[in-house]
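Undergrad: show me how the following folds:
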Amino acid sequence: MLVAGLILILLCSAFAMNATAQQNAFAGEKIVHVLEEPRHRPVMQEDQFTVFDMQLRPGDASLPHIHNQAILLNRISNPEGPQYGIVEAITDYATETYTHKIENSGTYLWRIIGVIHDGNGEPLNPNDTPTGMTLEPEVEDNWFRAYRIELAPGESTLTQTHSNPTLIVQVTEGLMHVSREDGLTRELAQPADWAYRDVGSSFSITNVGDIPVAVAINEIRIQGAK
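TA: Presented below is the predicted three-dimensional model:
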């Protein structure tokens, strides 16, 4: 027990030193939480998560900012060009604080639609997977589950129902409709457009344009969502 306690103390000390070293790297600069960083603009906030729209123009730089929560990133573009919705989850932020700043030294708008999870996540559970989804997730962990769907012109998904709050993000050029069972429709017309569906709110997605289109389906796995 004594050895285990000593190891835990050393690990905590190492994390603290790492966080301190990161902040010392930005001595004299204002350091803020990621959701207070002006280029990471919150666009929706719920009890356990926040959706943000990060835009960094060529030649611009963010303030140094702190990450201390799990995060899911829908990468719309980077300084070199479109990224077509590469999805990445960084869950280490939930246990180890990370401070950094980003700079756009390219010629293209750097844009991300992201989700910050303000909880501890939920253990993976096969009983909370969506109905109407025929694909395997590209990301699946205690905090998030994410899918990518590509639709040909005129093609629709099956009606799907999720046991967790769901963010639908357009990640390529095109035109699509996100339709609820009651007929209410949200039109998405460009990359980074998004729609939100609450727990149990069934919907389908239709490509109403004349070119193929891709969409990311992000589930935020929260306590009490089932």
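
Undergrad: all contacts plus neighbour counts: C-alpha atoms, from now on.
TA: OK.

Undergrad: now do the contacts for the closest residue to residue 48 other than its chain neighbours.
TA: Setting aside the residues directly before and after it, residue 48 is nearest to residue 118 in space (C-alpha to C-alpha, 6 or more residues apart in numbering), at 4.9 Å. Under the criterion of C-alpha atoms under 8 Å, 6 or more residues apart in numbering, the contact list for residue 118 reads 48-50, 69-70.

Undergrad: in CSV, list the residues you listed along with secondary structure and pLDDT.
TA: Converted to CSV, the contacts of residue 118 look like this (DSSP: H, G, I helix; E, B strand; the rest coil; pLDDT from 0 to 100):
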residue, secondary structure, pLDDT
48, coil, 95
49, strand, 98
50, strand, 99
69, coil, 98
70, coil, 98
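
Undergrad: most neighbours of all those, which one?
TA: Of the contacts of residue 118, residue 70 is surrounded by the most neighbours, 24 neighbours in total, counting by other C-alpha atoms under 10 Å.

Undergrad: how about stretch 127-142, which residues are buried there?
TA: 129-130, 133, 139-140, 142 (16 or more other C-alpha atoms under 10 Å).

Undergrad: turn those into TSV, including distance to residue 59.
TA: Supplementary listing: these in TSV, determined by distance: C-alpha to C-alpha, whole Å:
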residue	distance to residue 59
129	42
130	42
133	41
139	32
140	35
142	36
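
Undergrad: tell me which two of those residues sit farthest apart.
TA: Farthest pair in the buried residues of stretch 127-142 (C-alpha to C-alpha) is 133 and 142. Separation: 19.2 Å.

Undergrad: backbone torsions only: list them for the residue nearest to residue 48.
TA: With angles defined as degrees, to the nearest 10, residue 118 sits at phi -100, psi 20.

Undergrad: gap between it and residue 203?
TA: Remark: distance between residue 118 and residue 203 (C-alpha to C-alpha, to the nearest Å) = 26 Å.

Undergrad: again, but for residue 74
TA: Residue 74 sits 21 Å away from residue 203, going by C-alpha to C-alpha.

Undergrad: count of neighbours near residue 25?
TA: A total of 12 residues lie near residue 25 under the criterion other C-alpha under 10 Å.

Undergrad: list the contacts for it?
TA: Contacts for residue 25 were tallied using C-alpha under 8 Å, 6+ apart; there are none.
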